[in-house]
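Undergrad: no letters, just coordinates:
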């Protein structure tokens, strides 16, 4: 089996991730922040350790401004529903995932906000010029992805951040696609709120992602509950991380996430990006001569690791089905939970075949994949 | 180390749980419900398998009415914020956890609901008489715990459910404390919405709990996002489980939860309850003669597995500290995220020492614990 669906969930995981999770569960997996006994303190330390690793990784000065959440969807909702006020002007892009589009659309339909969308170019790229045009001093929040989950296009986050900061606009970044390959520096990029996924580029397990919230940015909790702190009060505490971390944390998942990010730090994020670029270039060059293939992804230099394409007028699901059944190659097809991206790219009916190599794929796997795609495009596969 | 904090998180886990989680991550942990390739289908099957195990365990006829969520706190918030309408009369008890009290209190303070609390007896028990008095035809929602997380008192859930059903009141049950020891049958108990925790009595890992929602009960999603379904729409889909399961699920956690519940089914829930009762009786009888110990827990027959007590006027944290440092015994102290329970029990200042044995504790551990408590109570420990 050749796994090329790393944009959904990365696989395999570094052995250290699996080992650490299994060891932690065996050695003792108590509740952090509730009891004070030895095993609970071990859980406390484990959670804090991952906070510190993530803080270093994203250049966050205070690890306690990092909040653990089950996934990026939850993190983005917690941010969007927690910062937006009635009457706000919110800007986002047509390249966003439904985890941004659906909560914003819910607020727009309820008459709570005014919502504007920035259109991409034909590779799904958003230009800084279009951002500067749409995001003005009267805008409250600008929300953008680090990189498109459909085409892999890397967005001009640093420039957008500086524009937002200069105009007093809150800048919310969805780093689910791209973190772990594209360096994220919240200070340098002027990011106010960063949502991150643990199970994609950060090489952790499903079930542990989170949110970074800059100092002095207040996010109202959408969930209230036990925090292990101020337990006598019926009110949710204000301080982070407690305010946004009600309920028992996914400690094994957080342990795995820490190991995943440590693996990236030890390997070097640029080595990971270069490897993905190399594999992507092989893929792109391999199918370049097929006249009936349409490519929607930008070149590897400005791509977080995705080849998005279609073959002639074949439905993307059919192509993915053949790759799976005939060649044992795992890719994703369809609409990728990003409806406006597909409207913009003109692939609302066909969907798109998405190939997303990971750091652990090798050239041989890519070679076999290129040959398989060529066979499908030419109708010569058996 | 003697671990007696199973009411927070159960430990150790059955070896099959750890094995299944580690195997699943190694073999391939793709996204369920998004891609259609072989590894994604394996994730689909794994999630569905756990849904079916839980459905059998709770006597739920349609497994698709079970929604996976990160923990009970989230599940209770999703239920409370998703079903309550302005003007509703809501009844709950003083024995609830902050995961119920804080969201309800937030809604009461916002003027959205009228909120009434039922008082317990001195062991934290809520009588069916007091429920019948407080919950009337004009009540919209009654929310109650299956068993107190402070004293272990088992609540009259079946009788309460029948009263609610007869009066058209929506019945929401928090089973975090008790599920896995006290049988839960949603049909027989007339439960409309059941929140459950995976990492306590169900013997799974932290990070995977959930919600059961009865047919024809609508819960508005507090989080909107990618569901892998109806991806072209900017609106959150209506159908379950998708409507309440946005974002990538914690598949390893769900796999572990399935194995944990299967372990309970194979062992027999009554064997588990009887073992916990036996250990609890040993504890209670062992400290019964200490005149300066106050016990807040009801007898083992109506107790899900907790001994709550204090020694003279010692702060509960001091007792727990000595148990940890001098004897290597892990218990919890303090307020247990249930402020009104402590106000009712008169332990707001001292907190309570909570000992919660699990199925994997043995008589020898309990014996050592009894001796340690006696030593502290008599001032004779070294």
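TA: Arrived safely, thanks for sending. This is a predicted model, so every value here is computed, not measured. Numbering: from 1, shown residues only, chains lettered A, B, ... in the order given.

Undergrad: ok now do the residue most central in space within chain A, which residues does it touch?
TA: Nearest to the centroid of the C-alpha atoms of chain A, with distances taken as C-alpha atoms, centre = their mean, sits residue A:176, at 0.4 Å. The contact partners of residue A:176, taken as C-beta atoms under 8 Å, 6 or more residues apart in numbering or on different chains, are A:72, A:97, A:99, A:145-146, A:149, A:195-197, A:200, A:209. For glycine as for every other residue, the C-beta is placed from the backbone atoms N, C-alpha and C.

Undergrad: ditto for residue A:193
TA: So residue A:193 contacts A:79, A:83, A:170-173, A:211-214, A:217, A:219 (C-beta under 8 Å, 6+ apart).

Undergrad: in the stretch 1-150 of chain A, which spans are strands?
TA: Remark: strands assigned in the stretch 1-150 of chain A by DSSP state E, counting those that start in this stretch are A:2-3, A:66-69, A:89-93, A:114-118, A:141-145.

Undergrad: turn the ones you listed into a markdown table, columns for mean pLDDT, distance to chain B and mean neighbour count.
TA: Formatted as a markdown table, those follow (pLDDT from 0 to 100; distance: least, C-beta to the nearest C-beta, whole Å; neighbours: other C-beta atoms under 10 Å in any protein chain shown):
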| stretch | mean pLDDT | distance to chain B | mean neighbour count |
| --- | --- | --- | --- |
| strand A:2-3 | 97 | 6 | 22 |
| strand A:66-69 | 98 | 8 | 25 |
| strand A:89-93 | 98 | 12 | 24 |
| strand A:114-118 | 98 | 10 | 16 |
| strand A:141-145 | 98 | 13 | 26 |
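
Undergrad: show me what contacts the residue nearest to residue A:123 when sequence neighbours are not counted?
TA: Nearest non-adjacent residue to residue A:123, counting by C-beta to C-beta, 6 or more residues apart in numbering or on different chains: residue A:298, 4.0 Å away. By C-beta under 8 Å, 6+ apart, residue A:298 lies in contact with A:123-125, A:151-154.

Undergrad: 7 Å instead?
TA: Contact analysis of residue A:298 by C-beta atoms under 7 Å, 6 or more residues apart in numbering or on different chains lists A:123, A:125, A:151-153.

Undergrad: just name the closest of those residues to residue B:281, please.
TA: residue A:152 (62.2 Å; C-beta to C-beta).

Undergrad: which residues does that closest one contact?
TA: Counting by C-beta under 7 Å, 6+ apart, residue A:152 has contacts A:297-298, A:303-306, A:308.

Undergrad: count the neighbours of the closest residue to chain B within the stretch 1-150 of chain A for me.
TA: Nearest to chain B, among the residues of the stretch 1-150 of chain A, is residue A:73, at 2.9 Å (C-beta to the nearest C-beta). A count of nearby residues for residue A:73, using other C-beta atoms under 10 Å in any protein chain shown, gives 30.

Undergrad: I figured it was touching residue B:245, is that so?
TA: No - taking C-beta atoms under 7 Å as the definition, residue A:73 is not a contact partner of residue B:245, at 9.6 Å.

Undergrad: chain A: helices as residue ranges?
TA: In chain A, the helices defined using DSSP state H lie at A:15-27, A:38-58, A:72-83, A:98-109, A:128-134, A:157-166, A:251-267, A:269-287, A:316-327, A:339-345, A:363-378.

Undergrad: quick check: which of these is nearest to residue B:346?
TA: helix A:38-58 (26.1 Å).

Undergrad: and the angle from the closest one to helix A:15-27?
TA: Counting by axes from the mean of the first three to the mean of the last three C-alpha atoms, to 10 degrees, helix A:38-58 lies at 160 degrees to helix A:15-27.

Undergrad: list the buried residues for helix A:38-58?
TA: A:38-40, A:42-44, A:46-51, A:53-55, A:57-58 (16 or more other C-beta atoms under 10 Å in any protein chain shown).

Undergrad: wait, does it contact chain B?
TA: Yes - on the criterion C-beta under 7 Å from any C-beta of the partner chain, helix A:38-58 is in touch with chain B at A:38-39.

Undergrad: quick one: that helix to chain centroid distance?
TA: 21 Å (C-alpha atoms, centre = their mean, to the nearest Å).

Undergrad: residues in contact with that helix?
TA: A:24, A:28-34, A:63, A:66, A:184-186, A:194, A:212, A:249, A:251, A:254-255, A:257-258, A:261-262, A:265, B:1, B:3, B:324, B:330.

Undergrad: can you check stretch A:258-265 too?
TA: With C-beta under 7 Å, 6+ apart, stretch A:258-265 has contacts from A:13-14, A:16-17, A:20, A:49-50, A:53-54, A:57, A:180, A:202-204, A:272.

Undergrad: which of the residues you listed sit farthest apart?
TA: Those two in these that are separated most widely, counting by C-beta to C-beta, are A:49 and A:272, at 21.8 Å.

Undergrad: which intervals of chain A have sub-threshold pLDDT?
TA: In the predicted model of chain A, no residue satisfies pLDDT under 70.

Undergrad: domain map for it?
TA: According to automatic domain parsing, chain A comprises the domains A:2-10+A:268-378, A:15-267.

Undergrad: for the last one, measure first residue to last.
TA: According to C-alpha to C-alpha, to the nearest Å, domain A:15-267 extends 14 Å from its N-terminal end residue to its C-terminal end residue.

Undergrad: same deal with the first one?
TA: In domain A:2-10+A:268-378, first residue to last residue: 21 Å (C-alpha to C-alpha).

Undergrad: surely residue A:88 touches residue A:141?
TA: Yes - with contact defined as C-beta under 7 Å, residue A:88 counts as touching residue A:141 (6.4 Å).

Undergrad: follow-up on the earlier one: can you give me phi and psi for the residue nearest to residue A:123?
TA: phi -70, psi 170 (degrees, to the nearest 10).

Undergrad: do you know how far it is from chain B?
TA: Distance, residue A:298 to chain B, by C-beta to the nearest C-beta, to the nearest Å: 22 Å.

Undergrad: thinking again about what came up before, so which of the contacts of residue A:193 wins on neighbours?
TA: For the contacts of residue A:193, neighbours tallied by other C-beta under 10 Å; top is residue A:79, 31 neighbours.
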